[in-house]
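Peer 1: Give me coordinates for this.
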Amino acid sequence: MMTVHNDLIKQIREAQEEAMKKENIRLHESYNPKYSIYPGSDKMYQDLKPLYWWSNMKADITTWDCHMPLFEFSYNNSYHASIKAASYEALYGRKCRSHVCCSEVGDSQITGLELIHNTTEKFAQIKNRLLTARSRQKSYADRRTKPLEFEVGDMVLLK
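Peer 2: Predicted coordinates for the structure are as follows:
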């Protein structure tokens, strides 16, 4: 048999008031974080859409390849630390001439034996720089790797 006390309603109200105090209220965001996702819903997509969506986005995505020549030009003319030169300059022995500026002030045209000599020097310089970069990477890899240890009875894969 269950006994009901006279002050039960009063106890319930006091408990409700205690639960509604500011320090006892749990924040809504702690249970519904901004980037949460629940099975069967697209809440995460709807929350992220305003942050990562822009007008005409689909057209920009489908036509991004029109910018490839600019990327290639930028890559060929940017400095590469491993060879200490731009890749175009390393390959051809001179700076890339864009449509805006065909030659620098004071440049003279090199022909014949000078061109062959300069090209040979550039190739030797590039080869030395690549060897330096390779040895630097090898020494780093050698420091980072541990020797393999095997015991009798271990299974190994042989090529």
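
Peer 1: could you pull out the strands for this protein?
Peer 2: 79-80, 85-86 (DSSP state E).

Peer 1: Save the ones you listed as CSV, and put in mean neighbour count, distance to Trp64 and mean pLDDT too.
Peer 2: In short, each C-beta sits where N, CA and C put it, glycine included. Shown next, in CSV, are these (neighbours: other C-beta atoms under 10 Å; distance: least, C-beta to C-beta, whole Å; pLDDT from 0 to 100):
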stretch, mean neighbour count, distance to Trp64, mean pLDDT
strand 79-80, 12, 24, 83
strand 85-86, 18, 24, 84
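
Peer 1: out of those, nearest to Gln125?
Peer 2: Nearest of these to Gln125, taken as C-beta to C-beta: strand 85-86 at 8.3 Å.

Peer 1: which helix of this protein spans the most residues?
Peer 2: With secondary structure taken from DSSP state H, the chain has its longest helix at helix 113-144.

Peer 1: Now do that helix: distance to the chain's middle.
Peer 2: 28 Å (C-alpha atoms, centre = their mean, to the nearest Å).

Peer 1: before we move on, the earlier item: between the strands of the chain, which one is nearest to Lys21?
Peer 2: strand 79-80 (62.8 Å).

Peer 1: hmm, back to that, which parts of the longest helix of the chain count as buried, going by neighbours?
Peer 2: By 16 or more other C-beta atoms under 10 Å, the buried positions in helix 113-144 come out as 122, 126, 129.

Peer 1: Thank you, goodbye.
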